[in-house]
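# build me a structure from this.
(4 chains)
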Amino acid sequence: MALAPERPRIYEGTRIPSPTPTVLQVPADLKSSEDVLTVNFGPNHPSTHGVLRLVVDLHGEEVLGLAAVVGYLHTGFEKNMEQKSWWKAITYAPRIDYVSFQNNELVFVLAVEKMLGLEVPVRATWMRMLLAELNRIHSHLVWLGTAALELGAISMFWYCFRERDRILDLFELVAGFRMHTRYFQVGGLAEDVPPGFWDECAKFVELMPKAVDDYESLVDRSEIWLERTQGLGLLSADDAIALGQSGPVLRGSGVDWDLRRAQPYLAYDQVDFRVPVYQEGDVYARYRVRMEEMRESVKIVDQALRRMPGGPWIADDRKVVLPPREELHTSMESLIHHFKIVTEGFRVPEGEVYVAVESPRGELGCYAVSDGGPKPWRVKFRAPSFVALQATATAMSNALIADMIAIVGSLDTVMGEVDR
Amino acid sequence: MTEPWWISLIKAGVIVNLIMVAFAYTTWLERKLLARMQNRYGPNRAGPYGLLQPFADLIKLVRKESFFPVAAQHPLYIAAPIVSMFTALAAFAVIPFGAGWQIWHYHVNGEIANVSIALILIFALGSVGVYGAIIGGWASHSKYSLLGAMRTCAQLVSYEVSLALSVLGVVLMGQSLNLVDIVNKQGATIWFFIPQLAGLLVFVFAMIAETSRPPFDLPEADTELVAGYHTEYGGMRWGLFQTAEYVNMITLSGLAVTLFFGGWHGPYAPLGPIWFLLKVFAFVSVFIWIRASVPRLRYDQLMRFGWKVLLPVATINAVITALLVVWVS
Amino acid sequence: MLNFNRVPGLVEVQDRHGETTLVVDAPRVVDSALHLRDELGFNFLSDLAATDYLGWGKAGVSGYIGTPAGRDLNEPSTQGYQRLPGAKPQRFSISYHLLALREGAPRVRLQVWVDDGQSVPSVVSVWPTADWFEREAWDLFGIAFDGHPNLSRILMDDDWEGHPLRKDYPIGGEPVRFSGDE
Amino acid sequence: MSPQPLDSLKGFAVTFRQLFKKPVTQQYPEYKRPVYPRFRGRHRLHVHENGLEKCVGCSLCAAACPADCIRVVAEENTPENRVSPGERYARIYEINMSRCIFCGYCELACPFDAITLGNEYEISEYSRDDLIYTKDMLLAEPMKKIPVADRELYDTPIPYYKEHS
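Numbers count the residues shown, from 1 in each chain, chains lettered A, B, ... in the order given. Model prediction:
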């Protein structure tokens, strides 16, 4: 039952529309034609990942023109964070991308630490890495579930959310909250890891690869899934770089680039993992990259579990870190520091930094400017989803309506992060 | 064998109600089975095991506000679900569910109407049913509905061809278009799914497409077209479309059982209708299982599959069967 | 170590927090960008961030510098005089965070300074990904980019007034609701 | 990678297998999964064993709150009206729960452990006014409907590394 053996290969040259790289224009000869139907997919539509609006020009089922309109979820996080102390602003960061919350928290905390020049204990570094990887699995699970749902594989959604819930349970166990944990504090972690965590996490590490096997049985080699994903949403390596794509989208286009390896932060240089790269540049390649990343992340979590060093979990810097609670009643100095950090916030030396981490969606950057005071002067997040959406016009050539859903899904955008 | 007209009328009343109940519990079965395949419980709040859920749904749908778009073409908009519903129900009239009984001194047939061209009647009604979806999609005056209606039109019309061709083998072997004759023939020889395996496969694929069930649910692909042709429908009008779809599924399952699996035949003859019902539900369960397991096809792939795979297979199957039938006789 | 001396329009090279900042002349930013992309291999524009420095180092803006009379007890975060941050050349800075996709992942920050009302040449022709970033900077800061193919608001409504991330844009907001007594 | 026809059927086995597994859904209103001890739910104000309130009205929680949802108005304790062991007490203590983001900073900030985030998460109301929790509501005993997992295992009263390293 080979339906379509002819699959387009990755293209030569560039397909980025010019002059506007993010808008796919209807060909001039069809512009005034009555055959072109303009449809707004979104902001309310079952498969727009929230509130993405795609203004699509259709010729029958074929997508001729496309412009992505964003901003429906603009919440002014960056402006808000300018009004709060650095310490309070930590609670804002995870809410920007509510699917990879831990990575957002991490990048903000890393940026502040970089400006402070603060040394973080090893245990905190490893624990951060462990949680960031769990969060990567979480994010990919949400992606896989929803993307498969959009292609009609409804059961996948439930299986993915089954495992996702296990991860959220782990977050609740460690940090007390299932999503916006504020567990990463400047200088380390808010609390030590509870003893019950190791067993629970080990159980998860054991279970997860089997679950990935199940997902792969469902779709990986399924004829329909291959038909729906292969040769679609093509993005060549050069175009992907020019469009600033990062993460799985870039690796699915054949660029062997992962910040965890290229520019190791945390303890990524001490763990063993593989960076999956696929050359095809299509929806299937991106799907494969994410599936393998889940397996690799499980490996990193496993290594972190085994090799987690002991010691303190937060830096002992009284000007920045809240003093231990037991000291509040015995040490006047600690109490004063406590009051100062809580009311005024700690001061961050003047300067500007840009810190980037490999979030599940790609390069997540945080540009922070401090004027030496207790509040950020400016915080900007380099949101990988925001950039990924710019590639829709390029990836959408020769697509049908159904492909459009698959392509936008494969870019894995979270609108909270796009609009900030 | 003829029967007085009033017996047919009584039977029609009984059967329509039975089908509605069967439809209600098909939705229950679907939700329950899908849920269990997805590690969920499914409906379990309304009554024991959620058995009253269909009635709760019905009450909810009936009580909903009758809402329609300002720009809709009112008469057509209202007529569309009724057309769908009517054709879906009418098609069941010719499907035999039992051998017939002698009650008092009347003979009661195992179907509502014993028509000599029953098979053609079913396909004809199916073709009319397409209009429900097309008119509904067009009259809603919504772009999603329109796109959905276009897809429905193309999909249902193309798959009807394969559906009709796939049963040609059965017709040749049964040497009749009358479903009762075909079932009797199967009782006398073997169930036709063994010699007509290719026909059965084509029939099943075409049937999924005809009832727009996943993976061929393009007319209402919810993640692409919101809800396809019934995007702008709500309340019981939407409920009618939904009913029509499920009744169609039951009808076509019944047809498949009749044509390929020996209809009411089973180990203990007096239980005829029960066997028939069990077979139909087994068929429906397979549909649900398919829905749980595979992604949706794309529009052009669906068309290619219909015209380039199903149609040739069905044609070749019919030709070979014809040759064999001639050769044997 | 990369040699940035030949970057066109270079004004200053700063090295802080382990990051290199190249301040260039705003009108020549496209030349610098092309040089960095083609000669030095910075093929990846990570981020384009604008910053408003209005009120930088002046009392009352960041809320941490005391009054001449000493500490203001009514403002919890005032601490008497403190070292003022270094002055900034102009009101807005635009930072292009560049990355080279090669061994070692070198990064550099290309920075230009403009005043309110001045515009910057668009780098969309150099890195297509700058499209939305520049629209965002225009939307939130009101910095115009010359030669941008489609410079319109992106996050705010099309008919929004003002540019919200400017420091002089009021934050407003609703008072928090508490119970009626007092 | 060309598709194998038989591989398309593997998914059917996966879905079929689930039929014989116990569903993972939790029957929520009847069954409440024990929350982990660090869970941050509805706030509570605490009292000392002698009946005095732990809160001394220092407003540190209000200062720490990123959502500005806490309001504290303090008043002097007098010999006739002694509410807390400190000099002052909170005459008004209110939390606007519809703004609260449950970050737990108030808990971290409080030097006297007077406010903690409890384990209750069923705090929906029909009106926004009902979500403004006054001091009496916060002091009241919680409904204690939600079980908590083993505190010994899932929380760290003493730093874990002191024993295990």
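
# give me the neighbour count for the closest residue to A:Asn80 other than its chain neighbours.
For A:Asn80, ignoring the flanking residues on the chain, the nearest one in space by CB to CB, 6 or more residues apart in numbering or on different chains is A:Tyr92 at 6.1 Å. No exception for glycine: its C-beta is placed from N, CA and C like everyone else's. A count of nearby residues for A:Tyr92, using other CB atoms under 10 Å in any protein chain shown, gives 25.

# can you pull the pLDDT of the residue lying closest to A:Pro248 once chain neighbours are set aside?
Nearest non-adjacent residue to A:Pro248, counting by CB to CB, 6+ apart: A:Val289, 4.3 Å away. For A:Val289, the pLDDT comes out at 91.

# work out for me the element A:Val289 sits within.
Under the criterion of DSSP states H and E, A:Val289 resides in helix A:283-307.

# check which residues of stretch A:295-308 are buried.
With burial defined by 16 or more other CB atoms under 10 Å in any protein chain shown, the residues of stretch A:295-308 counted as buried are A:295-305, A:308.

# could you report the neighbour count for the residue nearest to A:Pro248?
If we define neighbours as other CB under 10 Å, then A:Val289 has 22 of them.

# likewise for D:Asp129?
12.

# give me the mean pLDDT for the longest helix seen in chain B.
Longest helix in chain B by number of residues (criterion: DSSP state H): helix B:5-37. Helix B:5-37 shows a mean pLDDT of 86.

# chain center to that helix: distance?
12 Å (CA atoms, centre = their mean, to the nearest Å).

# touching chain C at all, stretch A:186-206?
No: against chain C, stretch A:186-206 shows no contacts by CB under 8 Å from any CB of the partner chain, the least distance being 15.1 Å.

# now that stretch, how far from the centre of its chain.
That offset, for stretch A:186-206, works out to 21 Å (CA atoms, centre = their mean).

# how far does that stretch stretch from start to finish?
End-to-end span of stretch A:186-206 (CA to CA, to the nearest Å): 32 Å.

# would you pull up the residue in chain C closest to chain A?
C:Thr129 (3.1 Å; CB to the nearest CB).

# check chain B too.
B:Arg296 (2.7 Å).

# residues in contact with the nearest residue to that residue once chain neighbours are set aside?
Spatial nearest neighbour of B:Arg296, excluding adjacent residues (CB to CB, 6+ apart): A:Gly152 at 2.7 Å. A:Gly152 makes contact with B:214-215, B:217, B:221, B:223, B:294-296, according to CB atoms under 8 Å, 6 or more residues apart in numbering or on different chains.

# then A:Met396?
A:24, A:63, A:66, A:233, A:403-404, A:407.

# ditto for D:Leu45
D:53-55, D:93, D:114-115, D:135, D:138-139.

# can you give me the helices in chain C?
So, for chain C - with DSSP H - the helices run C:29-38, C:130-141.

# possible to save those as TSV with mean pLDDT and mean neighbour count?
Supplementary listing: the helices of chain C in TSV, determined by pLDDT from 0 to 100; neighbours: other CB atoms under 10 Å in any protein chain shown:
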stretch	mean pLDDT	mean neighbour count
helix C:29-38	88	19
helix C:130-141	90	25
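
# tell me which of the ones you listed sits nearest to B:Trp6.
Closest to B:Trp6 of those is helix C:130-141 (CB to CB; 73.6 Å).

# list the contacts of the closest one.
Residues contacting helix C:130-141 (CB under 8 Å, 6+ apart): A:20-22, A:78, A:386-387, A:389-390, C:45, C:47-50, C:52, C:92, C:94, C:96, C:122-124, C:143-145, C:148-156, C:163-166.

# would you mind putting the CA coordinates of that helix into CSV?
Only the C-alpha atoms of helix C:130-141 are listed here, as CSV (Å, rounded to 0.1, in the frame of the first residue of the first chain):
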residue,chain,number,x,y,z
ALA,C,130,15.8,39.9,12.6
ASP,C,131,12.4,40.5,11.1
TRP,C,132,10.3,39.9,14.2
PHE,C,133,12.9,41.0,16.6
GLU,C,134,13.0,44.4,15.0
ARG,C,135,9.3,44.6,14.9
GLU,C,136,9.3,43.8,18.6
ALA,C,137,11.8,46.5,19.3
TRP,C,138,9.7,49.0,17.3
ASP,C,139,6.5,47.9,19.1
LEU,C,140,7.8,48.0,22.6
PHE,C,141,10.4,50.8,22.4
